[in-house]
Each structure stands twice: as C-alpha cells, then as structure tokens.
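[1] Please work out how this folds:
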Amino acid sequence: MRRRELIERLLPREVLTFLAVGGTGYVVDVVAFNLLRSMHPFAGMDPSVARTLALAVAMWVTYLGNRSLTWRDHTSGNRRREVSLFVLFNVIGFGFSIVTLVLSHDVLGLTSRVADNISANVVGLALGTVFRYATYKRFVFATLPTNMPSTPQQRTDLPAREAPVA
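    Numbering: from 1, shown residues only. Predicted structure coming up:
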C-alpha cells in the first residue's frame, strides 16, 4: 500500500479538512491570546480573560471553515440549530482549555507565558479538538436522512395524537 493510500485510509478528506480548519483556528487563537496577554488592560488580568476572547475569534473562523469546507455537503436544514449547537459544543470544548489553564496556572503555580500556552493551547486544545470533531460530526453538521422531512408538518411518522393539525 502506498503512502498516500494509507493516509487517505487513516485520515479521510473530512478529517484532514477538519484538522486544517482547526489548525487555522488554532493559529488565530494562539496569536490572539498572546497579543491580548501583551496588551493593556489584558496583561494585568487573569489569562483566562484573554483566552476567552481569543477563543471567540477562533470560533467564528472555525465555524465558517467547517460549514464551507469540512461539511459543505451536509445540510442540517436548520442553520439556527446548527450555530447554537456549534457554540454550545465550543463552549464545552473551551472548558477543557480553561480547566487545564487554571490547573496549571492557579493550582500548580506554573505562571510563565510558556506554561500558560502549553496548558491552554496544547493540552486543552487537543482534548477539546477530539471532543469537537465527535460532536460536530454527530450533532452539528449531521445530515438529515433523505427520507425524513425537516419540519414536523411534513412528517408522516408521528402517531395520530402527535400529528400537527393543519
């Protein structure tokens, strides 16, 4: 088996694209985090404030990338639901980053910029990335079955007492 075939087998296009979009978001996140940590008034604040703001910018970048590249062929039929779930799972994934940062910075006393970056931008983001891929694929960008209508009014599989009245 050739190298390219092996890579395609182990890492399908969806995973590679997700990682590329995530990598772009990661760069945006790290650059924004470090810029904020260097700027007044954020330099004197707890690093979780800069982390939160950096994540918000990176989240916007990754939503657009995942919607337009990774899962461009998947249509959930409800963009508001999609964005809401995306934000929810990002906030949960962000929790991994905050927990590792707080554990390192406040509990272990590792307060250098390098320690903050390793805990938040390596360990926390790695854990959050695995969580995000699984939840995005399963819930956020999941394609509705082709035989399942997207609105309750169009559904015929509801019991008679639950069927909408026209």
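[2] So which elements touch the top helix by length along the chain?
    Secondary structure of the chain per DSSP state H: the longest helix is helix 13-38. Packed against helix 13-38 by the contact rule (3 or more CB pairs under 8 Å, 6 or more residues apart in numbering; DSSP states H and E) you find helix 47-65, helix 113-118, helix 125-135. Any C-beta I mention is one placed from the backbone N, CA and C, and that applies to glycine too.
[3] possible to save those as TSV with mean pLDDT, mean neighbour count and distance to Asn90?
    As requested, those are exported to TSV (pLDDT from 0 to 100; neighbours: other CB atoms under 10 Å; distance: least, CB to CB, whole Å):
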stretch	mean pLDDT	mean neighbour count	distance to Asn90
helix 47-65	91	19	5
helix 113-118	94	15	20
helix 125-135	92	18	7
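[4] For the ones you listed, could you give me CSV that also reports distance to Ile7?
    Converted to CSV, those look like this (distance: least, CB to CB, whole Å):
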stretch, distance to Ile7
helix 47-65, 21
helix 113-118, 28
helix 125-135, 17
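[5] Which one of those lies nearest to Arg79?
    Each of the helices and strands packed on helix 13-38 was scored for nearness to Arg79 using CB to CB, and the closest is helix 47-65 (10.8 Å).
[6] Helix 13-38 and the closest one, what's the angle between them?
    Put simply, helix 47-65 runs at 150 degrees to helix 13-38, going by axes from the mean of the first three to the mean of the last three CA atoms, to 10 degrees.
[7] With only the CA atoms kept, save helix 47-65 in PDB.
    As requested, the backbone C-alpha atoms of helix 47-65 are provided in PDB (Å, rounded to 0.1, in the frame of the first residue of the first chain):
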ATOM      1  CA  PRO A  47      -5.100  34.900  31.500                       C
ATOM      2  CA  SER A  48      -8.500  33.200  31.200                       C
ATOM      3  CA  VAL A  49      -9.900  36.600  30.000                       C
ATOM      4  CA  ALA A  50      -7.500  36.700  27.100                       C
ATOM      5  CA  ARG A  51      -8.200  33.000  26.500                       C
ATOM      6  CA  THR A  52     -12.000  33.600  26.300                       C
ATOM      7  CA  LEU A  53     -11.700  36.500  23.800                       C
ATOM      8  CA  ALA A  54      -9.200  34.600  21.700                       C
ATOM      9  CA  LEU A  55     -11.500  31.600  21.500                       C
ATOM     10  CA  ALA A  56     -14.400  33.800  20.400                       C
ATOM     11  CA  VAL A  57     -12.500  35.000  17.400                       C
ATOM     12  CA  ALA A  58     -11.200  31.500  16.600                       C
ATOM     13  CA  MET A  59     -14.700  30.100  16.900                       C
ATOM     14  CA  TRP A  60     -16.000  32.400  14.300                       C
ATOM     15  CA  VAL A  61     -13.200  31.400  11.900                       C
ATOM     16  CA  THR A  62     -13.700  27.600  12.500                       C
ATOM     17  CA  TYR A  63     -17.500  27.800  12.100                       C
ATOM     18  CA  LEU A  64     -17.100  29.400   8.700                       C
ATOM     19  CA  GLY A  65     -14.400  26.900   7.700                       C
END
